[in-house]
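K.L.:
Everything below, folded, please.
(chains A, B, C and D)
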Amino acid sequence: MEIKDIIYSLFFFLIAGVLLVSALGVVFLHRIVYSAVAMILAFLSVAGIFVLLNADFVAVSQIIIYAVGITIVMIFAIMLTGTREDKELWIAKKFRSIVALGSAGLLFLTIIVSSILATFALQQPSDEVIQRLQTEGTTSTIGNALLTTYVLPFEVLSLLLLAAIIGAVVIAIKNKESKSQ
Amino acid sequence: MFDLSFTLNDIFAFIWPVIPFIGVAALLVFVVIFLVLMERKVLAWLTIRKGPNRVGPGGWLQTFADAIKLLFKEDIMSSETNKILFTLAPIVVFAPVMVIYGLMPFTEHLVAINLAVGLFLVFALSSLTTVGIVLAGWSSNNKYSLLGGMRSAAQAISYEIPLVIAVLSIAVLAGSLNMIDIVKAQGGGIFTWNMWPAFIGFIVLFICCIAEVNRIPFDLPEAESELVSGYNTEYSGMKFALFFLAEYAAMFIISVLIVTLFLGGYTSPLGFYLTQIPALIHIEQAFWLVAKVYTIIFTIIWIRATLPRLRADQLMAFSWKFLLPMALGNLVIVSVIKFLGQL
Amino acid sequence: MIENLIKKDMLINVGPQHPSTHGVLRLIMTLEGEIIRDTKPVIGYLHRGKEKLAESRSYTQYLPMVDRVDYLSSFFYQAAYCYAVEEIAGLKVPKRAEYIRLITMEFNRIASHLLWLGSFLLDLGATSPLFYVFREREEIVTLFEELTGQRMMYNFYTFGGVKKDFPDGWIAKALDLCKKMPALFDEYEAIITKNPIFLERTKDIGVMTPKLGIDYGITGPNIRASGVDLDLRKSSPYSVYGELDVKPCLAQSGDSYDRYIVRIAEMRESIRLIEEAIEKIPGGIPERLRVKKVNCGCNQDECQHCGFDMQLVGKKVNPIVFKPPVGEATSMIESPRGITLCYIVSNGTNKPYRVKWRTPSFSSVQVLPELVKDKNYSDLMPIFGSLDVVLPEVDR
Amino acid sequence: MYIQGYWILVAFIGFSVAFACAALVMSWIVQPKAPGKFKEKTYECGMQPFGDSRIQFDVKYYLYALLFLIFDIEAVFLFPWAVVYNKLGLFALVEALIFIGILVIGLVYAWKKDALKWE
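P.N.:
Numbering: from 1, shown residues only, chains lettered A, B, ... in the order given. Below is the predicted model of the structure:
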């Protein structure tokens, strides 16, 4: 084992550890705002793992969309719920927690299985490819893929975003109307 | 996967980030200290006053005195604050700003962190400070802070969008997200600057940048006539100093960013360097950058001395109804220009 | 569902220790989100018992205290008090003294409006105008200093006249200033009036309908901005305003912007009035002032050189001996903020039995809740700032 | 160069946080500490704090956050497009125009429904 692999593993386990701890924090911390902060940390460590996988563009996207975008949405949602006592949000209902745990476990299982399958299915990219990715970054590769192989998903995605905008607007307008009544 | 073979050189490579960091930290502190003084002096001259003129020759040491004062000030924390988040917030606001300093190309070789997605990362990190501001507002348990924090967040996210889309046009022009590549693409003097094809984008970016650093006319989060001091109302001592440092450091950063993206960065506007010796070219590049950056900063201060501030709803409407369409239009115009240029 | 969890309103305190309440006004506001639902002004933090103090002081001793009711328009309060006392005592004021009063009052109006302009824009976030208006105000205040020896709280009027005549060259300096001022106002208008942000912040913000204004007893520029032609200088001229051509400055919509426009116009109008008054002031051209004051020895009231109207009554009234007869009197003055009323009851002793002030800012504070209701919290400042409230005047 | 850049980035993040913490700690060591009952009151313009400061915000904030997220995602997808735009020419231009066009429809919709209006 070379020293670079040791360092690589060191970083991986460090980041993975932070990720696990903060992810547990999201679930188990009592105050919802603490959970939100732990969530930012979790997102950032996911970005770190992406970097370790040489996926620089995805890592930055992770920060910009999840660590900032989603977090802001979450925090605003917390503010929307107002002054309700934080502790009440602690999972109290047994049924709900069972359902939540069950679905989370199922998701986890799926990911594990699919990643094991993927390990067999995927080929290790050649050193040449890795070399290229490491010097140029992955952005242009992603761009090429988006505009050639995955054109349709790319355009459908804009429709999805359009649907999201319309949904957000409809919710906001509904809220406005109910308030004015 | 790591393409590193470990030699003594590589061990040095793992230690050497310390050096640029010390450089960047010193630069940041120096820049902020100078910037605060410059702002006070320029504002004073614009409003027929003398400005600081007591500490040191011509008041030049005023900011040092202020910094020392802030260091020795008691840090008052209200008993009702959420102490953990209250302490965490200034760090969350300050740290990303400092990292962004490392991403900025000050000269061709003087860029501490040179990444392929550098530009993209700058925006990711700069939007992280928004989270810190919301945390500061929330943890203060103060009405003005909370209102200020929420306003600030709403403002920051609203202006982030036209900002990013304006920057997209630069990515189109340069075909890269690396800061050095972007500068090199406009190295041929004043007429190759990105400012010309993407002029609307330049204006949009300039406005958005002023908004991102909460300066007049977009300083609503800290509008002292309404919200006392916004999200940092409860802060004092060093914690306040960190916010303050981050704010002025951010002002310098956005100026560097505007210069790098639209005004040719560190390159000479003449298209050639006056000096031909490699070592001197380095210094000349730094000179051009500083000259351009301080022109931008002067403009920002000038704007502060001229304009009143907007109202929250006007601020939002301005971003979504004016800047965003402009930025999208700019993107389309630039890509069409680029396309026609290729024919 | 969400609605049930929510306490919608937030009580927020604006003042007394707030950067922008012009002193120590306290507003208890109920905000829903950022919309102001209710406002309760709490006043009295600057209450000094100005009315009650008069009852334990002689008429003359109370005179300097009147200045402090509104430190920005001291001359007006002195004038209101003096006119009331003069009415009870039956004192006649010589015309030259009246003109001196008029000129100083109009200058004071400009100074007051200038300071208002600066603080108004400061409330809107523009810091520079404050320093520019102080540059101009400084020149006016220097003129006052030359005349009265004070830069604030002038204590210059006495019962039956003023304390001193203009010093040599004062009128020339005043005329110089009058020539200079309109250009400076043009400068302000160039950077403020057409500024799109300023327009956005003030147009249609805080609209005061004429009815609302009249109901709340709003006077001065605030009501004139709503199109109500109420200017005491024109409608019931005191002093020598009747001899001058006063044109009230009116605007129609009554929003914050109009209140700004009216005040700017009033400053120009004041300058015109000063110039006109200096032209008409009895006693001749400035250089020969001293000569004119010299008594020619005939001692006849109709004499064009030393008649009563030409003279200046500057004698200090003895504080113990001055006892106006039993009676009551009211004087009304068009101060920079509106109608200032002074009501005095005399019981024949050397102390007033009762002094009552009606101050225009008091009404302006009262109307504030109506104007800001259902507005954005950020609109509070342009509205409150445009009303030109001076807190000492409210609390007295 | 590439991985080294990230190593420096990680170091920078660490150092920056350490720098901020060091400043706080240093100040904590040298600063005077004189707590007081009234000093530790929340600032409320000189009055006793009253009411609850954790208020509920309007849904419009949430709407802006959602719109931000959506346009952010759009921008993230356009960045790779911008980088390869040079090489792909007209095809890329048309694709991006369609992509942007569809989102503009969303923006116009929000605009027309007055959702962008901040009361």
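
K.L.:
Which residues does stretch C:153-164 contact?
P.N.:
C:59-60, C:63-64, C:67-68, C:71, C:74-75, C:78-79, C:82, C:85-86, C:89, C:91-94, C:97, C:100-101, C:104, C:144, C:147-148, C:150, C:312-317, C:322 (Cβ atoms under 8 Å, 6 or more residues apart in numbering or on different chains). All C-beta spots, glycine's among them, are computed from the backbone N, C-alpha and C.

K.L.:
Can you select the buried ones from these in ChimeraX?
P.N.:
Applying 16 or more other Cβ atoms under 10 Å in any protein chain shown to those, the buried members can be selected in ChimeraX as follows:
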select /C:59,60,63,67,68,74,75,78,79,82,85,86,89,91,93,94,97,100,101,104,144,147,148,312,313,317
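
K.L.:
In helices, which of the contacts of stretch C:153-164 appear?
P.N.:
Among the contacts of stretch C:153-164, the members found in helices (DSSP state H) are C:59-60, C:63-64, C:67, C:74-75, C:78-79, C:82, C:85-86, C:89, C:97, C:100-101, C:104, C:144, C:147-148.

K.L.:
List, out of these, those positioned next to chain B.
P.N.:
Taking Cβ under 8 Å from any Cβ of the partner chain as the test, chain B is in contact with none of the ones in helices among the contacts of stretch C:153-164.

K.L.:
What is the burial count for B:Phe30?
P.N.:
A total of 10 residues lie near B:Phe30 under the criterion other Cβ atoms under 10 Å in any protein chain shown.

K.L.:
contacting residues for A:Ile173?
P.N.:
Neighbour list for A:Ile173: D:113-115 [criterion: Cβ under 8 Å, 6+ apart].

K.L.:
Keep only those of these that are also close to chain A.
P.N.:
Filtering the contacts of A:Ile173 for proximity to chain A by Cβ under 8 Å from any Cβ leaves D:113-115.

K.L.:
Make TSV out of those residues and add neighbour count and secondary structure.
P.N.:
TSV is the format used below for the ones next to chain A among the contacts of A:Ile173 (neighbours: other Cβ atoms under 10 Å in any protein chain shown; DSSP: H, G, I helix; E, B strand; the rest coil):
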residue	neighbour count	secondary structure
D:Lys113	15	coil
D:Asp114	12	coil
D:Ala115	23	coil
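
K.L.:
Relative to chain A, which of those residues is nearest.
P.N.:
Each of the ones next to chain A among the contacts of A:Ile173 was checked against chain A using Cβ to the nearest Cβ; the closest is D:Ala115, at 4.3 Å.

K.L.:
number of nearby residues for the nearest residue to the closest one once chain neighbours are set aside?
P.N.:
Nearest in space to D:Ala115, with sequence neighbours left out and distances taken as Cβ to Cβ, 6 or more residues apart in numbering or on different chains, is A:Val169 at 4.3 Å. The tally of other residues near A:Val169 (other Cβ under 10 Å) stands at 22.

K.L.:
Just list the residues touching A:Val169, thanks.
P.N.:
Residues near A:Val169 by Cβ under 8 Å, 6+ apart: D:63, D:109-110, D:113, D:115.

K.L.:
May I see those organised as CSV, with pLDDT added?
P.N.:
CSV is the format used below for these (pLDDT from 0 to 100):
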residue, pLDDT
D:Leu63, 80
D:Tyr109, 86
D:Ala110, 82
D:Lys113, 78
D:Ala115, 70
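
K.L.:
Select, from those, the two members most distant in space.
P.N.:
D:Leu63 and D:Tyr109 (12.8 Å; Cβ to Cβ).

K.L.:
So the two - more neighbours on which side?
P.N.:
Neighbour count, other Cβ under 10 Å: between D:Leu63 and D:Tyr109, D:Leu63 has more, with 24 against 15.

K.L.:
now D:Ala92: how far from D:Asn86?
P.N.:
Taking Cβ to Cβ, to the nearest Å as the measure, D:Ala92 and D:Asn86 are separated by 9 Å.

K.L.:
still on that earlier bit, pick the one among the contacts of A:Ile173 closest to chain B.
P.N.:
Minimum distance to chain B across the contacts of A:Ile173 is 9.4 Å, recorded for D:Ala115 (Cβ to the nearest Cβ).

K.L.:
Could you pull up the residues touching that closest one?
P.N.:
A:168-169, A:172-173, D:63.

K.L.:
Now do the residue nearest to D:Ala115 against D:Tyr64, distance only.
P.N.:
11 Å.

K.L.:
same deal with A:Tyr34?
P.N.:
Between A:Tyr34 and D:Tyr64 the computed distance is 24 Å (Cβ to Cβ).

K.L.:
between those two, who's got more neighbours?
P.N.:
The neighbour comparison of A:Tyr34 against D:Tyr64 (other Cβ under 10 Å) goes to D:Tyr64, with 27 against 17.

K.L.:
Which SSE is immediately downstream of the least confident helix or strand in chain D by mean pLDDT?
P.N.:
Counting by mean pLDDT, DSSP states H and E, the weakest-scoring helix or strand in chain D turns out to be helix D:2-30, with a mean of 80. Going down the chain from helix D:2-30, the next helix or strand is helix D:59-88, by DSSP states H and E.
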